[in-house]
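Asker: Based on what follows, work out the 3D shape:
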Amino acid sequence: MQASLQFCSECNNLLYPKADQQRRVMVYACRICSYDEIGDNACVYRNDLLTVTKEQVGVTTDLGTDPTLAHSNQTCPNCGTEDSVLYQDQSKRKETRMILFYVCVNCNHAFTDPTLPTDTRPET
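Answerer: Residues are numbered from 1 along each chain as shown. Sure, this is the predicted structure:
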């Protein structure tokens, strides 16, 4: 269920949710005029804290040519080249692990540190 914006049918201003103590229901009320309507949607606000469950590589196009990224001698599992750029996971979560992603400068293959256990590796 998704919360949506409600507008006043009299003055077209935004309706705000509030509790009507006399009728014991939630109503959407206008702060400009006295209009209110009983809310049919019980979802007033939804806060998704964890929309991403695992770290993800993201967009890796042209990262091999980015002069601001650090280079590593991590061997690419795709082509065997020992030159790759590295960066950290950029997701904005409360608990973020220090996961480094590598992108091969030769074939643009994205991969993680091969020493990580396979069950804790992020999706590449």
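Asker: per-residue confidence for the residue nearest to residue 8 when sequence neighbours are not counted?
Answerer: Closest residue to residue 8 apart from its sequence neighbours, by CB to CB, 6 or more residues apart in numbering: residue 30 at 4.1 Å. Every residue, glycine included, has its C-beta placed from N, CA and C. If you check residue 30, the pLDDT there is 94.
Asker: what's the answer for residue 15, then?
Answerer: Value for residue 15, per-residue pLDDT: 91.
Asker: and it, helix, strand or coil?
Answerer: Here residue 15 is recorded as strand under DSSP: H, G, I helix; E, B strand; the rest coil.
Asker: Neighbours of it, how many?
Answerer: Residue 15 has 19 neighbours, counted by other CB atoms under 10 Å.
Asker: quick one: it from residue 24, how far?
Answerer: 19 Å (CB to CB, to the nearest Å).
Asker: And residue 36, by the same measure?
Answerer: Relative to residue 24, and taking CB to CB, residue 36 is found at 14 Å.
Asker: Neighbour count: these two, which is higher?
Answerer: For residue 36 versus residue 24, the count of surrounding residues by other CB under 10 Å is larger for residue 36: 16 against 7.
Asker: How about the more buried one, nearest residue that isn't a chain neighbour?
Answerer: Sequence neighbours aside, residue 29 is the residue nearest to residue 36 in space, at 4.0 Å (criterion: CB to CB, 6+ apart).
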